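Visitor: Just a sequence and a predicted model for now, questions to come.
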Amino acid sequence: QVQLVESGGGLVQAGGSLRLSCAASGRTFSGYVIGWFRQAPGKDREFVAAINWSGGGTNDADSVRGRFTISRDNAKKRVYLLMKSLQPEDTAVYYCAAARFQNWSGVRSASGYDYWGQGTQVTVSS
């Protein structure tokens with residue numbers, strides 16, 4: 001059984017930074033992709049970024065490119081999302097998720113992920 005636990009959310013002013021952490025446990029994650037998604041009130045869950053646990057390849061959404069960076073620490077079984085230049089529109093609950101993918105192009109779809117954390121709230125004030 002896979003467990004994912006997010007942490008690091010909070011309240012920050014526009015222009016500020018936060019680093020989210022996703023702690024993974026329950027199995028080896030070789031071959032897995034870990035993704036970050038976010039969901040604002042009244043909106044669909046939105047892809048943010050993903051990383052290949054083994055090779056380290058990444059994929060990120062246009063809306064966050066250049067501001068958010070996804071990284072991993074295999075030894076600690078953690079995936080991080082460093083968020084800079086935060087804006088009020090980044091306000092959402094942020095989730096990490098895990099799955100194995102046959103095709104890297106599928107990592108942007110929430111429906112492709114098998115395991116989800118409980119989410120962490122990020123609020124950006126103007």
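Guide: Arrived safely, thanks for sending. Numbers count the residues shown, from 1 in each chain.
Visitor: Please name the nearest non-neighbouring residue to the spatially most central residue of the chain.
Guide: What sits nearest the mean C-alpha location of the chain, by C-alpha atoms, centre = their mean, is residue 36, with 1.9 Å. The shortest distance from residue 36 to any non-neighbouring residue, by C-beta to C-beta, 6 or more residues apart in numbering, is to residue 48 (4.2 Å). Where C-beta positions appear, they are placed from N, C-alpha and C, glycine not excepted.
Visitor: picking that back up, quick check: next helix or strand after the one helix or strand the residue nearest to the centre of the chain maps to?
Guide: For residue 36, the host element (DSSP states H and E) is strand 32-39. Going down the chain from strand 32-39, the next helix or strand is strand 46-52, by DSSP H and E.
Visitor: Can you show me the strands along the protein?
Guide: In the chain, the segments counted as strands under DSSP state E are 3-7, 10-13, 18-25, 32-39, 46-52, 58-60, 68-73, 78-83, 92-100, 115-116, 120-125.
Visitor: Can you say which of the ones you listed is packed in most?
Guide: strand 32-39 (a mean of 24; mean count of other C-beta atoms under 10 Å).
Visitor: Pairing partners for the strand holding residue 36, with directions?
Guide: strand 46-52 (antiparallel), strand 92-100 (antiparallel) (DSSP bridges).
Visitor: Please name the nearest non-neighbouring residue to residue 106.
Guide: residue 112 is the one closest to residue 106 (C-beta to C-beta, 6+ apart), at 4.8 Å.
Visitor: What of residue 9?
Guide: That would be residue 120: by C-beta to C-beta, 6+ apart, it lies 3.4 Å from residue 9.
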